[in-house]
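Asker: Provided below are the primary sequence and the corresponding predicted coordinates.
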Amino acid sequence: MSDKEKDSQGLDGKLLRRIIRFLLPYKYWVALAFVTVITAAFLGPLRPKLVQLAIDEHVVQGDMDGLQRMVSLLFIVLFAEGVLSFFNTYLTQWIGQQAIYDLRHKVYRHIQKQSLSFFDRNPIGRLITRVTSDVESLSNVLSAGVVTILGDLFKLIFIAYFMFTLNWVLALVTLAVLPIMIRVTFWFRAVVRDQYRETRKQVARLNSFLQEHVTGMQIVQLFGREKAEMARFEEINNDHRAAQIKTIFYFALFWPAIDIVASTALGLVIWIGGLRALGGTLTLGVLIAFIQYARQFFEPIRNLSDQYNTLQSAMAGAERIFGLLDHQQSLPESGSPVAIERAKGKIEFRNVWFRYDSAEPPSDEESEHREESWVLKNVSFVVNPGESCAIVGATGAGKTTIISLLLRFYDIQKGQILLDDIDIKEYALQDLRHVIGLVLQDVFLFSGSIEKNITLGNESITREMVVEAARLIEADRFIDRLPDGYDQNVRERGMVLSFGQRQLLSFVRAVVYNPSILVLDEATSSVDTASEEVIQRALEKLLEGRTSIVIAHRLSTIQHADNILVMHKGQIHEQGNHQQLLAIDGLYRKLYELQYKEQEAA
């Protein structure tokens, strides 16, 4: 056996043990399923034995009463086997669905816990494949797979027992073809495992492409890329088809080979058994029973081969699922987090360094010679409770990164970020994000009602609170005009609403959650002038008594901020209030004069 095969076997065993662990919560139901399947495995081989007794001891002897008793017993066995088969099928499928539910829940919960850097590296379509089709590939193994395999093994043992008790010569004749069948099965095992891996890979590629391009269909159509993207889809679809056809090819070879071997065994039994029956050394009942046993014997072998194929498919999916579960990129949390219900609102960045492509802190040499790779470089500032801080600068200067780090979507490589003089790593992530309200430029809405998109399913937020928040933001004006009001279904990504209306809903969402700190990332850049005036009035009420951080391109919206940070290439180039920065006659003044000229020209 090659090292590769040994590694493959070891990997199979490890994966199978991890799969079976999901059955442990239902171990008593699994034990009951084992009992029923083993009982059914005994009743199946019992039938040919009853036929043999009926023929040799009653038909040949002309015993009509005995024959009737045997026929009645045979019907009882058939009925019991049918009932057990129904019960076992339902029970094993129920167990499997419970285990699949648990596994899918674990995978999705694991994905939820990952930091945003995890999603930066993993396409959404691939993750969808893990939660859906890869998990579903384990369904048969977790339902009927393990139990059925055990039942088929016991059925083989019972059949072999009955055959050897009837006639050991014909039993050996039946088993003579087993080495050939085992060799064919091992060949099939070797080739189909790699092919299942390739098939799962192509499914993930296809899902990733579809998710990305259906979401970005507007861009595809806008730039007339339909033909080019269709060509790419045809290439991926063709690779998927080729992988599936190759798998079908191996099945097309395997099953006829198994049937030929089984038919050969049956032919040998009929030939040798027939000669012995003609010679008077074998009864007719034994010959007929052996013909039935020869058919029955290869049925569980076929089933085992089929279950093995299912197992191979499950292994390919399991490798990918457990590879995802073992890949941990969630942010570490304190074992004894500091409790926080309502923050005072003091924010401090101390000598913060950050980049997206590394988790290692910068050495002195890196700080000096590789500063271009750092998104933030030695950033320090303080926002006191109740103050408003604005951040301005060119695209790529690090403005949005500051917000992501404050909300701890990523961890910094060096420095410290504090909230109320406590490192944010000392807070539980959920508590930290609960006290900070974030309003983004690109508002994401889920399919569902307006009210559910505002509350996000939080049952503690009542309809009255939602209506009051909408009235404060003046979003009630357009909501009341909708056919279903707050029950209006906004559909996927809120496509039934305008961009400005979606932006207003994001403000309502922030209001009902009543955060201590409010963070606005270009929150008014996509609304018209009238909507912006409405939002500015609402913000004056909303920001009162709250610490706020505002990222804005339009400097006219931040002139009253207590402090303005001017970012340039990941560093704080200037800071002060509006008048102080104009007096410096630096980068802020240039940005302000440039926008003033643009407004004059407009």
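Answerer: Sure, I can see it.
Asker: buried sites along stretch 477-491?
Answerer: Under the neighbour-count criterion of 16 or more other CB atoms under 10 Å, stretch 477-491 has 478-479, 482, 486, 488, 490 buried. Quick note: C-beta positions are derived from backbone N, CA and C, even for glycine.
Asker: among these, which lie within strands?
Answerer: Among the buried residues of stretch 477-491, no member falls in strands (DSSP state E).
Asker: make JSON lines from the residues you listed and add pLDDT to it.
Answerer: Formatted as JSON lines, these follow (pLDDT from 0 to 100):
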{"residue": "478", "pLDDT": "87"}
{"residue": "479", "pLDDT": "88"}
{"residue": "482", "pLDDT": "87"}
{"residue": "486", "pLDDT": "88"}
{"residue": "488", "pLDDT": "86"}
{"residue": "490", "pLDDT": "83"}
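Asker: between these, which is closest to residue 70?
Answerer: Ranked by distance to residue 70 (CB to CB), those are led by residue 490 at 70.8 Å.
Asker: quick one: that closest one from residue 414, how far?
Answerer: For residue 490, the distance to residue 414 equals 42 Å [CB to CB, to the nearest Å].
Asker: break down the stretch 301-450 of the chain into its helices, ranges please.
Answerer: 364-369, 399-406, 429-434, 450-455 (DSSP state H, counting those that start in this stretch).
Asker: which regions of the stretch 1-150 of the chain sit below the pLDDT cut-off?
Answerer: Across the stretch 1-150 of the chain, the ranges flagged by pLDDT under 70 are 1-12, 144-145.
Asker: OK, contacts around the most centrally placed residue in the chain?
Answerer: Nearest to the mean C-alpha position of the chain, by CA atoms, centre = their mean, lies residue 131 at 2.6 Å. Counting by CB atoms under 8 Å, 6 or more residues apart in numbering, residue 131 touches 104, 107-108, 111.
Asker: those residues in strands, which ones?
Answerer: Judged by DSSP E, those include no members of strands.
Asker: the residues you listed: which two are farthest apart?
Answerer: Spanning the widest gap among those are 104 and 111, at 10.8 Å by CB to CB.
Asker: picking that back up, which of the contacts of residue 131 are buried?
Answerer: Buried subset of the contacts of residue 131 (neighbour count, 16+ other CB under 10 Å): 104, 107, 111.
Asker: nearest spatial neighbour of the first one, skipping sequence neighbours?
Answerer: Read that as residue 104. residue 135 (4.8 Å; CB to CB, 6 or more residues apart in numbering).
Asker: same question for the second one.
Answerer: Counting by CB to CB, 6+ apart, the nearest residue to residue 107 once its immediate chain neighbours are dropped is residue 131, at 5.4 Å.
Asker: next: the last one.
Answerer: Closest residue in space to residue 111, ignoring its immediate chain neighbours: residue 127 at 6.0 Å, by CB to CB, 6+ apart.
Asker: number of residues surrounding the one you found?
Answerer: 21 (other CB atoms under 10 Å).
Asker: low-confidence stretches in the stretch 451-600 of the chain?
Answerer: For the stretch 451-600 of the chain, the stretches with pLDDT under 70 are 492-495, 523-532, 535, 538, 541, 596-600.
Asker: can you show me the helices along it?
Answerer: 463-473, 476-479, 499-513, 529-542, 578-584, 587-601.
Asker: quick one: closest of the ones you listed to residue 340.
Answerer: Smallest distance to residue 340 across the helices of the stretch 451-600 of the chain (CB to CB): 14.7 Å, for helix 499-513.
Asker: from the contact counts, what lies against the closest one?
Answerer: strand 436-439, helix 450-455, helix 463-473, helix 529-542 (3 or more CB pairs under 8 Å, 6 or more residues apart in numbering; DSSP states H and E).
Asker: can you put these in TSV and add distance to residue 300 and mean neighbour count?
Answerer: As requested, those are exported to TSV (distance: least, CB to CB, whole Å; neighbours: other CB atoms under 10 Å):
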stretch	distance to residue 300	mean neighbour count
strand 436-439	60	22
helix 450-455	52	23
helix 463-473	61	18
helix 529-542	70	16
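Asker: between the ones you listed, which gets nearest to residue 182?
Answerer: Of all the helices and strands packed on helix 499-513, helix 450-455 comes closest under CB to CB, at 58.1 Å.
Asker: give me the contacts around the closest one.
Answerer: Under CB under 8 Å, 6+ apart, the answer for helix 450-455 is 445-446, 461, 463, 466, 469-470, 479, 482, 485-488, 490, 494, 505, 508-509, 512.
Asker: send the alpha carbons of that helix over as CSV?
Answerer: Only the C-alpha atoms of helix 450-455 are listed here, as CSV (Å, rounded to 0.1, in the frame of the first residue of the first chain):
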residue,chain,number,x,y,z
ILE,A,450,-39.5,48.1,6.8
GLU,A,451,-40.1,47.5,10.5
LYS,A,452,-38.0,44.3,10.5
ASN,A,453,-35.2,46.1,8.7
ILE,A,454,-35.3,48.8,11.4
THR,A,455,-35.5,46.5,14.4
